[in-house]
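Engineer: structure for this input, please:
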Amino acid sequence: MADQIEPIARMAAQLARLPGIGPKTAQRLAYFIVSLPEEQVRELAAAIWQGRKNIRFCSVCGNYTEADPCVLCANPSRRNGILCVVRDPRDVASIERMRDYHGGYHVLHGTISPMEGVGPEDIRIRELLARLAQEEVDEVILATNPDIEGEATASYIARLIKPTGVKVSRIAHGVPIGGDLEYTDEVTLAPNASTRLATLPAAEWTDRTATMAFAVLRQGGKNGRVIARNRLFDSLMKDFRWSPPQVSVRVENGQAVFTSPTYIWGVCVDLDGEQPLADNMFDLYPGMEYAIPWAGATPPKVLWTGNLV
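Structural biologist: The predicted structure is shown next:
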């Protein structure tokens, strides 16, 4: 601004680049810093500089650390066969604050987001698989956020780990402390009910543009009473384009192998209504194959594919 003193304007411009700080807040902070004694300003600047200079990534888990490996990975009691997979180092700090988890961590430094051009190769999935091959791991807890990117990342990692025999679990989602069931939607309540998701019969997959309710929450198994339709994807209808199948399928060595030249967010396969939702809908990435056990001589039928637009 023309009416600002140049050093204060430069300081405010740099502060405004920090997340959550707008121009006015940056200006107030700049004037506050100028009002401080010089010694305090030097200490602040030195702390910022030394903090950035001395912090690095742990070569084992990918968390921020001053020494390599970090204090968590260097602690023998943390090597108890459990790994918690999180999006970024801030999630490690959040979990550590509850003081109830005593296993190891693996920081992905991101989640899969095709809309932003972030694929599996851009986050630390390869390093996770290497750790599973080298370390004695009995369980992997997927603690990514319960949003589209977090769920897609968790699903992708779970599929990669499944053939290794390592147990994969998902961080619990549900009603917060102090929450009111009356105002909690069924998508939040669903994972907490003693029920399961069952696929709809093939006849109910026909109208793909009118509804996204391709799964229902049932009590008592596949033919039990419908508790609620899965509305998780309803709000995304405007961002999706459904299309006829655009994948190649072949059968070999008792498996159905799926490939696609382009990224496809959702591929729905007809498994005769006998498999749970998690096993008959998946995403595909260019140059990668996805295989499911298949005893038939002919490939399974792909009902539809879908992509974000």
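
Engineer: pretty sure Gly150 is one of the things Ile171 touches, is it not?
Structural biologist: No - in this structure, Ile171 is not within contact of Gly150 by Cβ atoms under 8 Å, at 9.6 Å. (Glycine included, C-beta is placed from N, CA and C.)

Engineer: between these two, which contacts overlap?
Structural biologist: Both Ile171 and Gly150 are in contact with Thr144, where contact means Cβ atoms under 8 Å, 6 or more residues apart in numbering.

Engineer: pLDDT weak spots in the stretch 201-309 of the chain?
Structural biologist: Residue ranges of the stretch 201-309 of the chain with pLDDT under 70: 201-246, 265-266, 268, 270-283, 287, 303-309.

Engineer: how about 50 then?
Structural biologist: 201-222, 225-240, 273-279, 308-309 (pLDDT under 50).

Engineer: Gly20 should be in a strand, yeah?
Structural biologist: No - secondary structure of Gly20 (DSSP: H, G, I helix; E, B strand; the rest coil): coil, not part of a strand.

Engineer: where's it relative to Ala12, distance?
Structural biologist: Here the criterion is Cβ to Cβ, to the nearest Å. By it, Gly20 lies 15 Å from Ala12.

Engineer: which one of the two has more residues nearby?
Structural biologist: Ala12 (22 against 5; other Cβ atoms under 10 Å).

Engineer: so that one is in contact with Thr25, correct?
Structural biologist: No - the pair Ala12 / Thr25 is not scored as a contact, 9.2 Å apart, by Cβ under 8 Å.

Engineer: where exactly do the helices run in the protein?
Structural biologist: For the chain, the helices defined by DSSP state H occupy 6-15, 23-35, 38-54, 71-74, 89-98, 125-134, 148-161, 186-189, 277-280.

Engineer: dump these to CSV, plus distance to Gly296.
Structural biologist: Output for the helices of the chain, formatted as CSV (distance: least, Cβ to Cβ, whole Å):
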stretch, distance to Gly296
helix 6-15, 63
helix 23-35, 62
helix 38-54, 57
helix 71-74, 46
helix 89-98, 42
helix 125-134, 30
helix 148-161, 21
helix 186-189, 34
helix 277-280, 14
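
Engineer: quick check: closest non-adjacent residue to Cys73.
Structural biologist: Using Cβ to Cβ, 6 or more residues apart in numbering and skipping the chain neighbours, the partner closest in space to Cys73 is Val60 (4.2 Å).

Engineer: the one you found touches Arg78, doesn't it?
Structural biologist: No - assessed by Cβ under 8 Å, Val60 is found out of contact with Arg78, at 10.4 Å.

Engineer: can you count the residues close to Arg10?
Structural biologist: By other Cβ under 10 Å, neighbour count at Arg10 equals 12.

Engineer: who's in contact with it?
Structural biologist: Contacts of Arg10 (Cβ under 8 Å, 6+ apart): none.

Engineer: look up the residues forming beta bridges with Thr259.
Structural biologist: Assessed by DSSP bridges, Thr259 has beta-bridge partners Ser248.

Engineer: look up how far Val251 lies from it.
Structural biologist: Applying Cβ to Cβ, the value for Thr259 to Val251 is 13 Å.

Engineer: check Gln134 too.
Structural biologist: Using Cβ to Cβ, Gln134 is found at 33 Å from Val251.

Engineer: what do you get for Leu15?
Structural biologist: 60 Å.

Engineer: just Ile21 next, same as before
Structural biologist: 57 Å.

Engineer: equivalent analysis for Met115, please.
Structural biologist: Relative to Val251, and taking Cβ to Cβ, Met115 is found at 33 Å.

Engineer: more neighbours, these two?
Structural biologist: A count of neighbours by other Cβ under 10 Å puts Val251 above the other of Met115 and Val251, at 16 against 11.

Engineer: where are the low-confidence patches of the stretch 51-200 of the chain?
Structural biologist: Within the stretch 51-200 of the chain, the segments meeting pLDDT under 50 span 192-200.

Engineer: go again with 70.
Structural biologist: Scanning the stretch 51-200 of the chain with the threshold set as pLDDT under 70 gives 173-200.
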